[in-house]
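A.B. asks: sequence and predicted structure below; questions after.
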Amino acid sequence: MDLKTAVRSIPDFPKPGILFRDVTTLFQDPEAFRQLIDELAKSLEGKQVDLVVGPEARGFVVGSALAYALNAGLVLARKPGKLPCESLRYEYALEYGTDSLEIHVGAIKPGQKVVVVDDLLATGGTCLATIKLVEEMGGEVVGARFAIELASECGGSDNLKGYDVYSAIVY
């Protein structure tokens, strides 16, 4: 199956001139969702993966399914104030402002092999922030995986040079 056929494209959302790629329709299609997770898992064959880290919120969806497929643990990277215990925070720049992600202290042990997973790779800012948190805790990032990459529009993989990046769908 061509996974692009399972992704809905919405013109002029959230503002005029933007073509929004809606991955939720892919999640709704059991065959497409299974194929997505199988492709992401296959791209990691031969790599040791102890943990999958998924940033809020759609990274939770892809990350949990991939962690299950890999028999790995799952760590959530949350927006500030959402985690109940002591957390590490990484603040990163957006086009107009900043955002932050947090992970519980001790969720990643030094030397653990980690894959960062999200639904969409645009500029790479969210992924890079997640990678920085993983590395600050002593984890080793063995890959970054995405359902969709907006390569021609945003060039996010350029901002992730030095990391093993794979996207199941590339626009």
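C.D. replies: Received the coordinates, thanks.
A.B. asks: spatially central residue in this protein, please.
C.D. replies: Here the mean C-alpha position of the chain is nearest to the C-alpha of residue 118 (CA atoms, centre = their mean), at a distance of 1.8 Å.
A.B. asks: does that residue sit in a helix, a strand or a coil?
C.D. replies: Put simply, residue 118 is strand when judged by DSSP: H, G, I helix; E, B strand; the rest coil.
A.B. asks: what does the pLDDT read for the residue nearest to it when sequence neighbours are not counted?
C.D. replies: The shortest distance from residue 118 to any non-neighbouring residue, by CB to CB, 6 or more residues apart in numbering, is to residue 59 (4.1 Å). Placement of C-beta: from N, CA and C, glycine included. Looking at residue 59, its pLDDT reads 96.
A.B. asks: got it, and the one 4 residues further on?
C.D. replies: The confidence metric pLDDT takes the value 98 at residue 63.
A.B. asks: look at residue 65 and give its secondary structure.
C.D. replies: Note that with three-state DSSP, the state of residue 65 is helix.
A.B. asks: next up, the contacts around it.
C.D. replies: 33, 37 (CB atoms under 8 Å, 6 or more residues apart in numbering).
A.B. asks: where in this protein is pLDDT low?
C.D. replies: 95 (pLDDT under 70).
A.B. asks: bridging residues for the residue nearest to the centre of the chain?
C.D. replies: residue 146 (DSSP bridges).
A.B. asks: would you map the helices across the protein?
C.D. replies: 24-28, 30-42, 58-70, 125-136, 151-154 (DSSP state H).
A.B. asks: a markdown table for the ones you listed, including distance to residue 93?
C.D. replies: Shown next, in a markdown table, are the helices of the chain (distance: least, CB to CB, whole Å):
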| stretch | distance to residue 93 |
| --- | --- |
| helix 24-28 | 27 |
| helix 30-42 | 27 |
| helix 58-70 | 19 |
| helix 125-136 | 7 |
| helix 151-154 | 14 |
